[in-house]
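Novice: Structure for this input, please:
(one chain, ligands or ions: 1)
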Amino acid sequence: MEGKRMYIRSIVLKENARELCDSYLFDIPAIRGLETLDLQSPVTFFVGENGSGKSTLLEAVAVAYGFNPEGGSKNFAFSSNPTHSGLYQALRLVKGPVRPRDGFFLRAESFYNVATEVERLEEIGGPGLFDSFGGKSLHQQSHGESFLSLAIHRFWGKGVYLIDEPEAALSPSRQLTFLARMGELVRDGSQFLIVTHSPILMAYPGADILLFGEDGIRRVKYEETEHYRITKAFLESPQRMLRELLRGEEE
Ligand SMILES: Nc1ncnc2c1ncn2[C@@H]1O[C@H](COP(=O)(O)OP(=O)(O)OP(=O)(O)O)[C@@H](O)[C@H]1O
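Specialist: The predicted model follows:
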């Protein structure tokens with residue numbers, strides 16, 4: 001996809017951001033240091049340590065873009081336990097000239113409620129309800145199965161897909177299935193913003209990997225990520241790494 005086909009081109013923190021939202025957000029280095037974050041590839045990953053602000057920023061982008069804070073498409077309006085921050089009010093999104101035809105925001109915590117709402121809306125839509133989800137209610141499928149059903153049957157393409165830790169639902173082989181599905185959707189003009197800890201997912205060719213750290217947000221190569229380096233070192237010699245880690249316990 002050419003740059004001009006990107007639906008969200010940049011994430012900008014407004015100059016008066018501190019007046020617009022909660023102060024704890026500015027204790028997070030990635031948020032504090034944010035000015036303009038350009039999205040340069042149809043697939044962008046937010047990576048970094050636990051608590052570095054990845055989900056906070058993804059959720060704020062989702063809400064600023066018009067998604068329901070708990071997830072779903074732009075038509076979803078359910079609310080079970082609103083916990084999202086006010087950061088979305090302090091963001092300005094620079095959008096591309098082409099509008100997406102589809103979009104979905106998914107978080108692991110509220111996936112169950114999204115699945116319920118998807119089924120409710122499909123029901124209103126008439127018969128053939130479960131055909132689009134492999135012939136079964138999403139609630140009769142496991143977390144991973146229903147996640148993939150959504151990605152395969154409900155992500156229609158030419159869309160914006162914001163997903164928080166898809167690997168929470170997926171086995172390694174299903175992560176590969178999801179990668180392949182992402183490839184199809186990207187070739188069909190879609191854009192993904194994904195928070196992940198998975199060294200499998202972040203290997204997507206040509207993806208832009210944005211590392212959230214103590215110095216703010218910076219672009220890194222796949223092989224520079226801790227996820228790649230630690231996983232590689234571990235798998236090359238699990239015994240050696242475990243020996244070092246558990247040494248204290250043996251003495
Ligand atoms: N309502 C809140 N009040 C104060 N601090 C909060 C609040 N919500 C989140 N935080 C803090 O904001 C920080 C960023 O959280 P966030 O969920 O964005 O991290 P993350 O990078 O997605 O982490 P993980 O990889 O563990 O999911 C954390 O330190 C968290 O404790």
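
Novice: What about L25, how many residues nearby?
Specialist: Neighbouring residues of L25 were enumerated by other CB atoms under 10 Å; the total is 23. In short, each C-beta sits where N, CA and C put it, glycine included.

Novice: near the ligand, which residues of the stretch 151-251 of the chain show up?
Specialist: Taking CB under 6 Å from any ligand atom as the measure of proximity, the stretch 151-251 of the chain makes no contact with the ligand.

Novice: try 8 Å
Specialist: Residues of the stretch 151-251 of the chain found near the ligand, taking CB under 8 Å from any ligand atom as the criterion, are D164, E165, V195, H197, F212.

Novice: wait, what's in contact with the fourth one?
Specialist: This points to H197. Contact partners of H197, counting by CB atoms under 8 Å, 6 or more residues apart in numbering, are V47, E165, E167, H227.

Novice: And the first one, by the same measure?
Specialist: With contact taken as CB under 8 Å, 6+ apart, D164 is in contact with K54, S55, L58, E59, L106, R107, A108, I194, V195.

Novice: For it, which residues count as its bridge partners?
Specialist: As for beta bridges, D164 partners with R107, V195 under DSSP bridges.

Novice: Tell me where the model's unsure across the chain.
Specialist: 1-5, 77-83, 122, 124-134, 248-251 (pLDDT under 70).

Novice: rerun that using 50 as the cut-off
Specialist: Per-residue confidence of the chain (counting by pLDDT under 50) places the weak regions at 1-4.

Novice: what number of residues lie near W156?
Specialist: Neighbour count of W156, defined by other CB under 10 Å: 15.

Novice: That one against R101, yeah?
Specialist: Yes. W156 is in contact with R101 according to CB atoms under 8 Å; the separation is 6.9 Å.

Novice: doesn't F46 fall inside a strand?
Specialist: Yes. The secondary structure assignment for F46 places it in a strand, going by DSSP: H, G, I helix; E, B strand; the rest coil.

Novice: still on that earlier bit, can you redo the contacts of D164 as TSV, where the extra columns are neighbour count?
Specialist: Supplementary listing: those in TSV, determined by neighbours: other CB atoms under 10 Å:
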residue	neighbour count
K54	26
S55	19
L58	21
E59	24
L106	24
R107	22
A108	18
I194	26
V195	25
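
Novice: and which of those residues is nearest L20?
Specialist: Of all the contacts of D164, E59 has the smallest distance to L20: 15.7 Å, by CB to CB.

Novice: Give me the neighbour count for the closest residue to the closest one other than its chain neighbours.
Specialist: Once flanking residues are discounted, E59 sits nearest to H84: 5.4 Å by CB to CB, 6 or more residues apart in numbering. For H84, the neighbour count with other CB under 10 Å is 16.
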